[in-house]
Every structure is written in C-alpha cells, then in structure tokens.
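1. Fold the following.
(chains A, B, C and D, ligands or ions: 2)
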There are 2 protein chains.
Amino acid sequence: MIFSKSCVYGLRAMIYLASISREGYVSIKGLSEKLDISFHFLTKILQELTGADLLESMKGPKGGVRLTKSGRCITLKEVVEAIDGPAIFTECVLGLPGCGSEKPCPMHDMWEGTRDEINEIFTTTSLQDMSKEGKAKDLRITPDGKFVWG
Amino acid sequence: MIFSKSCVYGLRAMIYLASISREGYVSIKGLSEKLDISFHFLTKILQELTGADLLESMKGPKGGVRLTKSGRCITLKEVVEAIDGPAIFTECVLGLPGCGSEKPCPMHDMWEGTRDEINEIFTTTSLQDMSKEGKAKDLRITPDGKFVWG
DNA sequence: TATATTTAAGATAAAATTGTCTTAAAACTT
DNA sequence: AAGTTTTAAGACAATTTTATCTTAAATATA
Ligand code: FES
Ligand code: FES
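-> Ligands and ions are numbered 1, 2, ... in the order given. Below you'll find the model as predicted:
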C-alpha cells in the first residue's frame, strides 16, 4: 500500500466530511459505522487531524468533529502529510537519506519525474474535488459499496 | 516509504549484482558488508529472489549468489513484485478491494494515470539500465556514499 | 445539579515488519 | 575423510503499525 492504513482511513473520512453541507459536528461513532472503520482507531486518526488544525472537535452530546475553516479548502497532500508525513513526496525511492542533495541513487533520474507528478496531483487536487466527484457520481469509499452519500 | 525495507534492500543488491561482469558467485557476507545491510536479513531477502528464479545460489566456499540467466535481463518491476508483491502497481489508492472492477473510489480517476506511469516506468526500466547508470556515473546505493562499484 | 453523551488520552494487545541467532545441509579444501 | 566455508531454514526477539479497551474531561439536557 502506498499510504498507511491510518492515512487511507483519514482520507476516506475527510472526503466524506467534505461532502457534508451542514454546519454541525459529526459524531465519530456514526462516522466509524458509516465508513466501516473501527471507532477507537478512527478516533485516534481524527485526533491527529484535529491536532493539525484540519478538523475541530467538540465533546458531549451534539459533539463530534467537523472541518475547520482552513480544513474546508485543503489539498489531499495536506491530509496525507498530517498522517504519514512528507516522506512519500520527497524521499529517495531506494530509501537513501537526502535524495538528490548528495550523490543521487541510480533510480533518481527515472523516479524524480514520477514523484514530482505524484506531488503535483496531490497538491492540485482538493478534498472538495474528491467529495464532489464522489457524491455526484455515487462512488465508493467503503470496502463493501453500502455507504451512501449525505 | 513506497517500498518495504526488504524491497529496497533487494533492489540495491540486485542493482549491484547486475553491475558485476564476472561469472562467479558473490558471497552474501561480502555483499552485506559492501551494501551495509544486516547479513542475516539480506540472506532472507535474497532467498526470496532465489525462489523467484531471479537469483541462483551455491553453498560452500566459492559459493554465494548470482543472477540467473533470466535474472540477467529483468525489469525493476519483477524485483519489486518478487518481494512486495504486485499491489503497488494495481491497488486502489484508498485501499479498497478490487480497484476499478466495481464502483471505483473518488480518487480513481486522478490516481489511475499516475499509477499506470509508475507501472510503465518500472516495466520499461531494466536492472541493467540501473546498474550501468550507477557504475558509469558512480552513483550512490548505500546510505553513506562509501560504496565503490566493482 | 445530576446524568447521559461524546471526544481526549493513554494503557494494553494483536499483527506485521524488521532484525538476530542457531542449527542443518551442501560444497569446497586439505 | 575431516574440517572449513557458505547458503537454507526456521526459531526467536525487537520494533512499528494496527487495533482495542479503560478512564478522564468536556458538553448538553433534563
Ligand atoms: S536519490 Fe534516490 S530517488 Fe533521489
Ligand atoms: S478504485 Fe480507488 S484507485 Fe481505483
């Protein structure tokens, strides 16, 4: 898998949250059931996103999480970086430290372009793009296709 | 990291082995020291590559590993698949089962092209390409740059 | 105020990956 | 034939990732 499980769970949740027009908080419990992700595990991931100021949370009844003002217009890259860190967009494909800075590795030339393209596509695609796409075309964000958009 | 550590170690070793013109077997001990990889761990990885018929091995003094006849002209993809499996070249970026076959995920359209490009670049780049490149330009395949090409 | 609901935080556990160690089997050397 | 070198195989251990469970803190509602 190119991204960790935490990261893809986070992406799925964020895409769903971005598809919701309502202002209120969404309970993590409900979210976890809708997306078919373990509640406690999802909670931890969303806490990271809250720490990164992409989500804000509130406790108690009517509590939950929602996108922050800045979180409402972010790129997929920001979500990935908040969870998996920036390595995938910067790292040497052979795992050597400091890609490009010193002597590069033999795969550097063939890889750099592709990596730049990954970077490009994740910086130019917004969460909104994905949620609109998903909602408009009724696409799938759970393993079984039982999820239904807003 | 896009590839597992096992995979990256395997790639480094295979690139080095492909740079060697001599016919004989290369001892894993020597290889592990040259590449600065744990001997026992590297041994296991190379056993997988032997099982995949990319390497052949011989025991005893003068023993070691070397590229098989078919292993001498393979692509990087074959090495990656032998260790990490084909997932990276086929899988849904959101980790959903059966990318594209059923309803795709919202990221499918933006991702498929890039994934195809990764596939393309790894199927069209041979081990030979990388070893020639590395040897000709004295590139780096160890964390410190102390490695010297045959 | 008391109670129920919900996230926060951290302990614990399970699973996967990474790394080490030991013993066996094969091949060479003397 | 005996001893040495080297890979094969598998047990074992450490680390990281993934997942679960418990308790605390905050918020709403009655
Ligand atoms: S140095 Fe390896 S990809 Fe840049
Ligand atoms: S279905 Fe997700 S990338 Fe194809």
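
2. can we go C-alpha only for contacts and neighbour counts from here?
-> Fine.

3. Please name the residues that touch the residue in chain A positioned nearest to ligand 2.
-> Proximity to ligand 2, evaluated over chain A using CA to the nearest ligand atom, is greatest for residue A:140 at 7.7 Å. Residues in contact with residue A:140, defined by CA atoms under 8 Å, 6 or more residues apart in numbering or on different chains, are A:134, A:147, B:103-106.

4. Ligand 2 next: which of the residues you listed are close?
-> B:104-105 (CA under 6 Å from any ligand atom).

5. Among the contacts of residue A:140, find the lowest-pLDDT one for me.
-> Among the contacts of residue A:140, residue B:103 has the lowest pLDDT, at 91.

6. Help me confirm that that residue is found in a helix?
-> No. Residue B:103 sits outside any helix when classified using DSSP: H, G, I helix; E, B strand; the rest coil, being coil.

7. would you turn the contacts of residue A:140 into CSV with neighbour count and distance to residue B:59?
-> Listed next are these as CSV, based on neighbours: other CA atoms under 10 Å in any protein chain shown; distance: CA to CA, whole Å:
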residue, neighbour count, distance to residue B:59
A:134, 21, 56
A:147, 16, 56
B:103, 16, 51
B:104, 22, 49
B:105, 27, 49
B:106, 25, 52
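
8. Adding distance to DNA strand C, write the contacts of residue A:140 out as a markdown table.
-> Converted to a markdown table, the contacts of residue A:140 look like this (distance: CA to the nearest atom of the strand, whole Å):
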| residue | distance to DNA strand C |
| --- | --- |
| A:134 | 23 |
| A:147 | 18 |
| B:103 | 26 |
| B:104 | 24 |
| B:105 | 23 |
| B:106 | 24 |
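
9. What pLDDT is listed against the residue of chain A closest to ligand 2?
-> 97.

10. out of all of them, which helix in chain A is the longest?
-> The longest helix of chain A (DSSP state H) is helix A:108-124.

11. Contacts for that helix next, please.
-> So helix A:108-124 is contacted by A:75-78, A:89-90, A:92-93, A:99-100, B:110, B:114, B:117-118, B:121 (CA under 8 Å, 6+ apart).

12. quick one: what helix or strand has residue A:65 in it?
-> Following DSSP states H and E, one finds residue A:65 within strand A:64-67.

13. close to chain B, is the helix or strand that that strand is followed by?
-> Going down the chain from strand A:64-67, the next helix or strand is helix A:76-84, by DSSP H and E. No. Applying CA under 8 Å from any CA of the partner chain, one finds helix A:76-84 separated from chain B by no less than 9.6 Å.

14. what about the next helix or strand after helix A:76-84, near DNA strand D?
-> Of the helices and strands lying after helix A:76-84 in sequence (DSSP H and E), the nearest is helix A:87-90. No. Helix A:87-90 is not in contact with DNA strand D by CA under 7 Å from any atom of the strand; minimum separation 11.1 Å.

15. So which bits of helix A:87-90 are buried?
-> The neighbour-count check on helix A:87-90 (16 or more other CA atoms under 10 Å in any protein chain shown) flags A:88-90 as buried.

16. so how far is that helix from its chain's centroid?
-> 15 Å (CA atoms, centre = their mean, to the nearest Å).

17. Report whether it contacts ligand 1.
-> No. If you take CA under 6 Å from any ligand atom as the test, helix A:87-90 misses ligand 1, and the best it gets is 8.3 Å.

18. Tabulate the CA atom coordinates of that helix in PDB.
-> Taking C-alpha atoms only, helix A:87-90 is exported to PDB below (Å, rounded to 0.1, in the frame of the first residue of the first chain):
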ATOM      1  CA  ALA A  87       8.300  11.300   3.000                       C
ATOM      2  CA  ILE A  88       6.300  10.000   0.100                       C
ATOM      3  CA  PHE A  89       6.600  13.300  -1.700                       C
ATOM      4  CA  THR A  90      10.300  13.800  -1.000                       C
END
